[in-house]
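> turn this into a structure:
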Amino acid sequence: MEFADQLTQLLESKPWIIAVISLWEAFWTLLALWFASRNDQKVWFVVCGIFQVFGLPEIIYLATQTKFFKNFNINA
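Residues are numbered from 1 along each chain as shown. Alright, predicted model coming up:
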């Protein structure tokens, strides 16, 4: 219960955190939905559209089913 109270206090004192998390989620969701629809992958479209977990299903989809991360070089 202490964690929930601390989280509530943090979000009340810094409401912009909710906006940042929402934008993060929206970016990955829309990107994954766009790729899934273009590739006619209905199951992935439904999974990415229903499960909203900080963009994790969307990132997994983009990493495993598309070429989105294939040319990604972190050291460039």
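
> distance of the spatially most central residue of the chain from T66?
By CA atoms, centre = their mean, the chain has its centre lying nearest to G55, at 1.7 Å. According to CB to CB, to the nearest Å, G55 and T66 sit 15 Å apart. For the C-beta atoms, the positions are set from N, CA and C on the backbone; glycine is no exception.

> now the helices: where do they sit in the protein?
2-13, 16-38, 42-50, 56-65 (DSSP state H).

> so what does the shortest one touch, helix or strand wise?
In this case it means helix 42-50. Helices and strands touching helix 42-50, by 3 or more CB pairs under 8 Å, 6 or more residues apart in numbering; DSSP states H and E, are helix 16-38, helix 56-65.

> residue ranges with poor pLDDT in this protein?
By pLDDT under 70, the weakly predicted segments of the chain are 71-76.

> before we move on, back to that, could the helices of the chain go into TSV alongside mean neighbour count?
Formatted as TSV, the helices of the chain follow (neighbours: other CB atoms under 10 Å):
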stretch	mean neighbour count
helix 2-13	9
helix 16-38	14
helix 42-50	15
helix 56-65	17
